[in-house]
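A.B. asks: structure here, sequence nowhere to be found:
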């Protein structure tokens, strides 16, 4: 005889199911996950997930919508920070990147994993659903509209919001896919990207942080290794090499300096 679950147990199982689904969809893609896969991950009967969701499409949609809701909440918190509209643009950009870095699986499901056609139109006819999907967009559009009204930016706020979104998305996806090379990391380019967005939009940048020198994040990691007991000489050599492409380049550079000094 099946045991009836208490409401808190139902909520806990749904949360565990959605957490597992988010991770699996992000790593395997939509087609790489089945209801049986999810059941195995949770250690339950293959039929158990069907007590909570009609099918895999419903689970994917719930997980994705929840991710958009959390993303929107992060952006709204950034928009609520007391600041001039020009500086609020910086807060919004940093919040965008921070969400992607803190919740990479959610971010991938939102913007990388293909949404199944069986779910129909993205927005649909449900106003509540539409509000969730737009929650992360509207503060950025509203802030740019405010800057436009004040004559601090030129252009359609909606177009400018898409330009900012595309730039930040590219920054994030390079990080999530491990494509930062030549000694740079995302921490080295976040602030320069924000400063250049401001310049591109015509927003004054005098008060905008412009970031640390290139390779600063790599040098910080090297310093951390030294503090934990790694050879300072080796750590410094690695950091110098990473700044120009690798240890080999650093060695070549020293050879060139020696020859130049003869």
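C.D. replies: Received, thanks. This one's a predicted model, so the numbers in the text were calculated from it and none came from an experiment. Residues are numbered from 1 along each chain as shown.

A.B. asks: which helix of this structure spans the most residues?
C.D. replies: When the chain is parsed with DSSP state H, its longest helix is helix 56-79.

A.B. asks: after that helix comes which helix or strand?
C.D. replies: Using DSSP states H and E, the helix or strand that follows helix 56-79 towards the C-terminus is helix 85-102.

A.B. asks: and that following helix with helix 56-79, angle?
C.D. replies: Angle, helix 85-102 to helix 56-79, by axes from the mean of the first three to the mean of the last three Cα atoms, to 10 degrees: 140 degrees.

A.B. asks: what does helix 85-102 contact?
C.D. replies: 70-71, 74-75, 77-79, 81, 83, 106-107, 136, 139-140, 143-144, 146-147, 150, 152, 164-165, 168, 171-172, 175-176, 186, 190, 193-194, 197-198, 201, 203-204, 207-209 (Cβ atoms under 8 Å, 6 or more residues apart in numbering). Heads up, the C-betas are built off the backbone N, CA and C, glycines and all.

A.B. asks: buried residues, that helix. List them.
C.D. replies: 85-86, 88-97, 99-100 (16 or more other Cβ atoms under 10 Å).

A.B. asks: related to what we said a few turns ago, quick one: mean pLDDT over the longest helix of the chain.
C.D. replies: In this model, helix 56-79 has a mean pLDDT of 96.

A.B. asks: which strands or helices does it pack on?
C.D. replies: helix 7-28, helix 35-42, helix 85-102, helix 104-111, helix 127-134, helix 138-149 (3 or more Cβ pairs under 8 Å, 6 or more residues apart in numbering; DSSP states H and E).
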